[in-house]
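Trainee: have a look; sequence and predicted model below, questions after that.
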Amino acid sequence: MVRLENISKSFKNIKAVDNISFEIPESKITIIAGSDGSGKSTILKMIVGLIKKDSGKIYLREKNIVENYRKITSIAAYMPERFSLYKDLTVEENMNFFADIYQVPKKKKEELKNRLLIKTGMNNFKNRRAGNLSGGMKQKLALSTILLSIPEFIILDEPTTGVDPLSRIEFFNIIKELKEDGKTIIISTPYLDEAENGDYIVFVRNGRIIKKDSMNRLKNNFPAKLFRILPKGNIFEIINNLKKHEDLKDNFYIQGKYLKYIQIEEKNYTHLIPYYSIEEEKPKLEDIYIYYERMEEQELKRA
């Protein structure tokens, strides 16, 4: 649906986005995942024209939009990380306010508003002031208000930051329903566990794409073996000893009480670790991100 080609953006001497290219497929959920400061929000703002790109092209259904962002904004709804609701207004009053901004016809407004309140589970709270809502409810209300414009393309910038785990699950259940309704959705997030909800993943780091692919291909084509090890002894002492091996220091990392070992070459080095148990497992997105992040670091050192 939307394609970015060689997009770059700098703020003075800081390269926020560095020559990135990727596609946002229609009726799918695309996730841009990365840590704070990786360029995620800047990418989304350039898509809707809130920030002017320095170079590159943006295509909507294979047509270059040049600088006419209205072609995208006319079909898109953008929800920034800090969406401004009116705290002194009730849920329903906020919905009415935004419906008027979007010029929703009066005959259609009530039906659309009630349908969205029911879909997001906010109908029982429609008389509660927005300022008295939990973080998760505020985000669901924010989503409801942007959906009043009946967008084809939904752009969400870190929509679950500061939201409790249960509300994050509920929020993504709504997103999946919107995808089933045919909506095209792009979401930025620092949370790799919720990035698992995507169909297509773009990993960004320091303004660069370190890996992009469909969720299935990313997991099924992981180019290494992954082992989860319950170590015997002090886990920090063990990891420090492993770091003394120059060729191995990037292959181990701590995850909770476990050591993770990425076996890249044919030879296995698990014999260097005293352990209670060891098992090979399928990688999660966090493991995949760590792998490609460390591969990029090694490439930059060699350059």
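Mentor: Now that the structure is in, tell me what you want to look at.
Trainee: what sits up against the lowest-mean-pLDDT helix or strand in the chain?
Mentor: Scoring the helices and strands of the chain by mean pLDDT, DSSP states H and E places helix 285-302 at the bottom, with a mean of 86. Residues from elsewhere that reach helix 285-302 (C-beta atoms under 8 Å, 6 or more residues apart in numbering): 33, 192-193, 195-196, 201, 203, 205, 208, 210-211, 218-219, 222, 224, 226, 250, 253, 255, 260, 262, 283. (Each C-beta comes from the backbone N, C-alpha and C, glycine too.)
Trainee: do stretch 250-268 as well
Mentor: 223-231, 235-236, 238-239, 242-243, 269-270, 273, 275, 286-287, 290-291, 294, 297-298.
Trainee: buried stuff in that stretch?
Mentor: Along stretch 250-268, these residues count as buried under the neighbour rule (16 or more other C-beta atoms under 10 Å): 250-253, 258-262.
Trainee: what's the most distant pair in these?
Mentor: 250 and 258 (17.3 Å; C-beta to C-beta).
Trainee: can you spell out the domain ranges of the protein, please?
Mentor: Domains of the chain are assigned by automatic domain parsing as 2-218, 223-282.
Trainee: please, which helix or strand holds residue 174?
Mentor: helix 165-180 (DSSP states H and E).
Trainee: buried by neighbour count: which residues of that helix qualify?
Mentor: 167-168, 170-172, 174-175, 178-179.
Trainee: between the residues you listed, which is nearest residue 106?
Mentor: Taking the buried residues of helix 165-180 together and measuring to residue 106 by C-beta to C-beta, the closest member is residue 178, at 24.8 Å.
Trainee: how near is residue 44 to residue 113?
Mentor: Using C-beta to C-beta, to the nearest Å, one obtains 26 Å as the distance from residue 44 to residue 113.
Trainee: for residue 274, same thing?
Mentor: From residue 274 to residue 113 the distance is 62 Å (C-beta to C-beta).
Trainee: kindly report the same for residue 88.
Mentor: Distance from residue 88 to residue 113, by C-beta to C-beta: 19 Å.
Trainee: repeat for residue 190
Mentor: To residue 113, residue 190 is 32 Å away according to C-beta to C-beta.
Trainee: out of the two, which sits in the busier spot?
Mentor: Neighbours per residue, other C-beta atoms under 10 Å: of residue 190 and residue 113, the larger number sits with residue 113, 22 against 16.
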